[in-house]
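**Student:** this one's structure only:
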C-alpha cells in the first residue's frame, strides 16, 4: 500500500495542501514501512502566473473547473497512492483527489510515520471539518 503525505521537510505533514512543495510517498507492507520516496508537488508557486478563476459566492474554496484541473495536475505525482494525508486543504482539492481515486485524509497528526501507521491500522481520524 502506498500512502502520500504533503510535506515541507519530508518528516512532518504540512498544514496547507496547496503550498506544500513535496509529497512523501510511504510504502507499507505487512504492517511495516518499507520505503519512503520524496516527490515534487505542484503548488501555488507553479500556478502563480496563470489566470486566477474568481471564487463563486457561497461555494467552498477551489471548486471551479480551472481549479479542478490544477488539482488534477497536482495529483499526477501520486496517482499510484491510495491515500493522501494532509493537515488542511480546500474542498475543491479534496473533491479532485476523490475523483482521481485517492482518499484525502485531513489529520491533526504531524509526524508522517505515525499518521501513515494510524491510517494503515484504520485508527486515523479524518477531520473533514477542517476543509475550507
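**Tutor:** Yep, that arrived. Just so it is clear, the structure is predicted and the values come from calculations on it, not from any experiment.
**Student:** tell me the mean pLDDT for stretch 119-132?
**Tutor:** Mean pLDDT, computed over stretch 119-132, is 94.
**Student:** For it, buried residues please.
**Tutor:** By 16 or more other CB atoms under 10 Å, the buried positions in stretch 119-132 come out as 119-120, 124, 131. For every residue, glycine as well, the C-beta is placed using N, CA and C.
**Student:** Same question for stretch 78-88.
**Tutor:** Neighbour counts over stretch 78-88 (16+ other CB under 10 Å) mark 78, 81, 83-88 as buried.
**Student:** can you check stretch 8-19 too?
**Tutor:** 12-14, 16-18.
**Student:** which residues touch that stretch?
**Tutor:** 5-7, 20-22, 24, 36, 38, 43-44, 62, 85-90, 93, 107, 109-112, 115 (CB atoms under 8 Å, 6 or more residues apart in numbering).
**Student:** How far off centre is that stretch?
**Tutor:** In terms of CA atoms, centre = their mean, to the nearest Å, the centre of stretch 8-19 is found 9 Å from the chain centre.
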